[in-house]
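Novice: okay, structure incoming, though there's no sequence with it:
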């Protein structure tokens, strides 16, 4: 259990992640805004608390594997990795530019610390199943955390993987679904309904845990609860607010796939500054 | 005559020649790999018997995974294993693997540089009675266009076994193309296997053209060469096992020597071996060329023999192509 102060410190880190996402997207002039902001708390929890990893030795054999299936939200991963020490924060300015290690969708061979190449949806869960099976064969103890989007659950490949994880009872596999209810063309329930979502996973022989994905303390509890399950793969359904922290982006699907312009970025950074000051006051 | 240096099967032209499908060589190769390399794992999508994985599965059940009828999942699960120290072989019919799961292979295996070997079975119209849905006739085209992959099409079960075993030594993705029907053993245990070199299987003193063949179609090219010789026409027949990387140097050398080319494959000529050789020659040494293979059409049900005749891909069609291309030489 973390102390209240430690939680606030993580929340401050998540806010720093959000600020860097805004400035990085402004510099890149293209990319996705809503998803990365919505997942900032979860990425902060992983890189600054949950993961067994070493930013200076990204190939460490027994590291936990963090698989990002919906690669388009990579700005949040790049920012969290930079802050954790995988590469200089200044390199974030190269996102989506020529000769950059920070490809528009993440490429394993380009940047140490990425476990897979991703972007095309519906492929991360099955790669995670493969890694989990390989780990079991070699009796490795590391965890495989697979981050997926809700929208990519419209891909058949995702459910093929879900079926297989159930067959092999892969309890070393913990999936976190970003249930933010939006996709490019609208809300998930309008485009192609996913509900009853939790029941679907249970029918595929997974354990499920529902959590507020923007509450770091609750999320850490959910991951600990998942680790206590030893006979099934675990699906943490994390309700998140897309665009979280920036009022005019929150819950607005039109922010799925575009970056802020200079005015919008200034407004967003000002709002995040207010949050930062509030958190700092709480810390004292 | 058959190239004496390659120690080819001397019974090749006899009626009693031993027949085996190339997929059997794959199955035998997998068992050898199972015995010698603990990292080799095998996956299939509900086709363990017809893709010849069953012997590996019996001997090494802990390293065998049947993913069910889910080729996209098979490719992506293997991709995860391949970046975690395993050497997965994924087996299904080529229309589904690398057909149906093409983008999964592209992104998570080839671009991702995961150490996965893709085995596409039931290639070509020689798949026979199952019909065009199950006859892969585009798989060479859709794999050889990828960067960062090697593509092998063995000519018989013996070469298939050698190619399978050798593929495990390659760090990165490999596509292996196999066939359903029993075809003659052309090579022997002693035939040297060099996946990087095109080998000349039929040699003659004064060849007027070179027939480049890939896969089991090499047999029909050799039959044509033998008959042509009795008619006073000498040719060379070269075996192209490695489609990628292609041995362009040998193609140019043989084109220079014989002044014309015939390509022979059980695949669409567009994007296949024919297209590949034409690319090499157009750049280096434009040479008259004829193409044996599928001419922008799908196959259909029938016996392999009937299909080869109907689609002008058998021995007689190859002989006609040779005569035509020699006549085109200036």
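Specialist: Good, I have the coordinates. Being a predicted model, the structure only gives us computed values, none of them experimental.

Novice: do I have it right that residue B:216 meets residue B:22?
Specialist: Yes. Residue B:216 is within contact range of residue B:22, at 6.5 Å (criterion: Cβ atoms under 8 Å). In this view, the C-beta of every residue, glycine as well, is placed from N, C-alpha and C.

Novice: mind listing the shared neighbours of those two?
Specialist: B:155, B:156, B:179, B:183 (Cβ atoms under 8 Å, 6 or more residues apart in numbering or on different chains).

Novice: what about the second one, distance to residue B:28?
Specialist: The one in question is residue B:156. In this structure, residue B:156 and residue B:28 are 12 Å apart, going by Cβ to Cβ, to the nearest Å.

Novice: what packs against whichever strand or helix holds residue B:226?
Specialist: Residue B:226 belongs to helix B:217-230 when assigned by DSSP states H and E. Applying 3 or more Cβ pairs under 8 Å, 6 or more residues apart in numbering or on different chains; DSSP states H and E, one finds that helix B:217-230 contacts strand B:199-202, strand B:210-213, strand B:236-239, strand B:261-268, helix B:315-328.

Novice: need the winner for burial among those.
Specialist: Greatest average neighbour count among the helices and strands packed on helix B:217-230 goes to strand B:210-213 (a mean of 30), per mean count of other Cβ atoms under 10 Å in any protein chain shown.

Novice: identify the residues contacting it?
Specialist: Contact with strand B:210-213 is made by B:155, B:198, B:202, B:220-221, B:224-225, B:235-240, B:251, B:254-255, B:257-258, B:260-265, B:273, B:277, B:318, B:322, as judged by Cβ under 8 Å, 6+ apart.

Novice: now with 6 Å, please.
Specialist: B:221, B:235-238, B:240, B:254, B:258, B:261-264, B:277 (Cβ atoms under 6 Å, 6 or more residues apart in numbering or on different chains).

Novice: and for stretch A:239-249?
Specialist: By Cβ under 6 Å, 6+ apart, the surrounding residues in contact with stretch A:239-249 are A:18, A:33-34, A:37-38, A:178-180, A:182, A:212-214, A:250, A:255, A:268, A:271-272.

Novice: out of those residues, which are inside strands?
Specialist: In this view, the contacts of stretch A:239-249 that belong to strands under DSSP state E are A:178, A:179, A:182, A:212.

Novice: quick check, nearest of the shared contacts of residue B:216 and residue B:22 to chain A?
Specialist: The closest of the shared contacts of residue B:216 and residue B:22 to chain A turns out to be residue B:179 (Cβ to the nearest Cβ; 27.5 Å).

Novice: just say helix, strand or coil for the closest one.
Specialist: coil (DSSP: H, G, I helix; E, B strand; the rest coil).

Novice: test my guess that it contacts residue B:123.
Specialist: Yes. Using Cβ atoms under 6 Å, residue B:179 makes contact with residue B:123 at a distance of 5.4 Å.

Novice: in the sheet, who's paired with residue A:211?
Specialist: Beta-bridge pairing for residue A:211 (DSSP bridges): residue A:238.

Novice: looks like it contacts residue A:238 (just checking).
Specialist: Yes. Counting by Cβ under 6 Å, residue A:238 is a contact partner of residue A:211 at 5.5 Å.

Novice: neighbour count: those two, which is higher?
Specialist: Neighbour totals were compared for residue A:211 and residue A:238, and residue A:238 leads with 26 against 22 (other Cβ atoms under 10 Å in any protein chain shown).

Novice: so what's residue B:83 closest to, chain neighbours aside?
Specialist: Leaving aside its chain neighbours, residue B:83 sits nearest to residue B:114 (5.0 Å; criterion: Cβ to Cβ, 6 or more residues apart in numbering or on different chains).

Novice: quickly find the element holding the one you found.
Specialist: Residue B:114 belongs to no helix or strand, assigned by DSSP H and E.

Novice: per-residue confidence at it?
Specialist: In the prediction, the pLDDT value recorded for residue B:114 is 98.

Novice: ok, now which ones touch it?
Specialist: Counted by Cβ under 6 Å, 6+ apart, residue B:114 has contacts B:79, B:82, B:83.

Novice: what about the last one, neighbour count?
Specialist: Here the count is done by other Cβ under 10 Å, and residue B:83 has 24 residues near it.

Novice: tell me where the chain has strands.
Specialist: In the absence of a named chain, this looks at chain A. A:65-68, A:144-149, A:173-179, A:182-183, A:186-187, A:207-212, A:234-239.

Novice: the intended chain is chain B.
Specialist: B:19-20, B:40-44, B:64-66, B:87-93, B:117-121, B:150-152, B:174-177, B:183-184, B:199-202, B:210-213, B:236-239, B:242-244, B:261-268, B:289-294.

Novice: tell me which of the contacts of residue B:114 is nearest to chain A?
Specialist: Of those, the one sitting nearest to chain A (Cβ to the nearest Cβ) turns out to be residue B:79, at 5.2 Å.

Novice: ok, the closest one - contacts?
Specialist: A:127, B:108, B:109, B:114.

Novice: can you select the buried ones from these in PyMOL?
Specialist: Here is the PyMOL command that selects the buried residues among these (16 or more other Cβ atoms under 10 Å in any protein chain shown):
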select buried, (chain A and resi 127) or (chain B and resi 108+109+114)
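
Novice: follow-up on the earlier one: of the ones in strands among the contacts of stretch A:239-249, keep whichever come out buried.
Specialist: The buried subset of those - by 16+ other Cβ under 10 Å - is A:178, A:179, A:182.

Novice: nearest to residue A:105, of these?
Specialist: residue A:178 (16.1 Å; Cβ to Cβ).

Novice: so which bits of the helix holding residue B:226 are buried?
Specialist: Quick answer for helix B:217-230 (16+ other Cβ under 10 Å): B:217, B:218, B:219, B:220, B:221, B:222, B:223, B:224, B:225, B:226, B:228.

Novice: state the distance from the fifth one to chain A.
Specialist: By that I understand residue B:221. As defined by Cβ to the nearest Cβ, to the nearest Å, residue B:221 lies at a distance of 40 Å from chain A.

Novice: spit out the contact partners of the residue of chain B found nearest chain A.
Specialist: For chain B and chain A, the shortest gap (Cβ to the nearest Cβ) falls at residue B:80, measuring 2.4 Å. Residue B:80 is in contact with A:127, A:130, A:131, counting by Cβ under 6 Å, 6+ apart.

Novice: can you tell me which of those residues are up against chain B?
Specialist: A:127, A:130, A:131 (Cβ under 6 Å from any Cβ of the partner chain).
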